[in-house]
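Trainee: Predicted structure and sequence below. I'll ask about it afterward.
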Amino acid sequence: MAAVVLALALSGCGLVDEVDPVAVCEEQADVNGPDFRVAGSFLTTVTTVRDLIPDAGPDAWRELPDEGHAVLCYLDGPVPQAPPDGEPFDRSVIAVAGGHAQLIIAGYRDELRVRAP
């Protein structure tokens, strides 16, 4: 895990040109629990991720360069929703850049299709 975080932190600074989106997303699946698996992984930029975050504006991840590497992960697994007794979501989209991971959206597989940013 430390190697993935270090690689992402360095890539956010422009010091590393290669980021393995599959490895990053597999790490996120592990962090979320044993019931999660990677459904899709995409290398993108911080600017693209900012555009995906509802109402984030230009301040989201402002410490990271606009064209810095970011990874978009589609993870399949149970995601609780409100109210607590509701049917859990079964897909989440998580962005990772500069050592930070952020949930972008959660929903159902049949409504939240895996697609490149």
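Mentor: Structure's in. What do you need? Everything numeric in this text was worked out from a predicted model, so none of it was measured.
Trainee: secondary structure element for A95?
Mentor: Element membership of A95 [criterion: DSSP states H and E] is strand 89-97.
Trainee: Can you name the next helix or strand after that strand?
Mentor: strand 100-107.
Trainee: coming back round to it: the strand holding A95 pairs with which strands?
Mentor: When pairing is defined by DSSP bridges, strand 89-97 lines up against strand 69-79 (antiparallel), strand 100-107 (antiparallel).
Trainee: CA-only coordinates of it in CSV, if you can.
Mentor: The C-alpha coordinates for strand 89-97 follow below in CSV (Å, rounded to 0.1, in the frame of the first residue of the first chain):
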residue,chain,number,x,y,z
PHE,A,89,-25.7,0.1,-3.6
ASP,A,90,-23.5,-2.4,-5.4
ARG,A,91,-21.0,-0.1,-7.2
SER,A,92,-18.9,2.9,-6.2
VAL,A,93,-16.6,5.2,-8.2
ILE,A,94,-13.6,6.4,-6.3
ALA,A,95,-10.9,8.8,-7.5
VAL,A,96,-7.3,8.6,-6.2
ALA,A,97,-4.6,11.3,-6.7
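Trainee: Off-centre distance for that strand?
Mentor: 5 Å (C-alpha atoms, centre = their mean, to the nearest Å).
Trainee: list the buried ones in it?
Mentor: Judged by neighbour count using 16 or more other C-beta atoms under 10 Å, the buried positions of strand 89-97 are F89, D90, R91, S92, V93, I94, A95, V96, A97. C-beta here means a position set from N, CA and C on the backbone, and glycine is covered the same way.
Trainee: Determine which two of the residues you listed are furthest apart.
Mentor: Largest separation among the buried residues of strand 89-97 by C-beta to C-beta: D90 and A97, giving 24.8 Å.
Trainee: what's the next secondary structure element after the lowest-mean-pLDDT helix or strand in the chain?
Mentor: The helix or strand of the chain with the lowest confidence, counting by mean pLDDT, DSSP states H and E, is helix 2-12 at a mean of 38. Once helix 2-12 ends, the next helix or strand along the chain (criterion: DSSP H and E) is helix 21-32.
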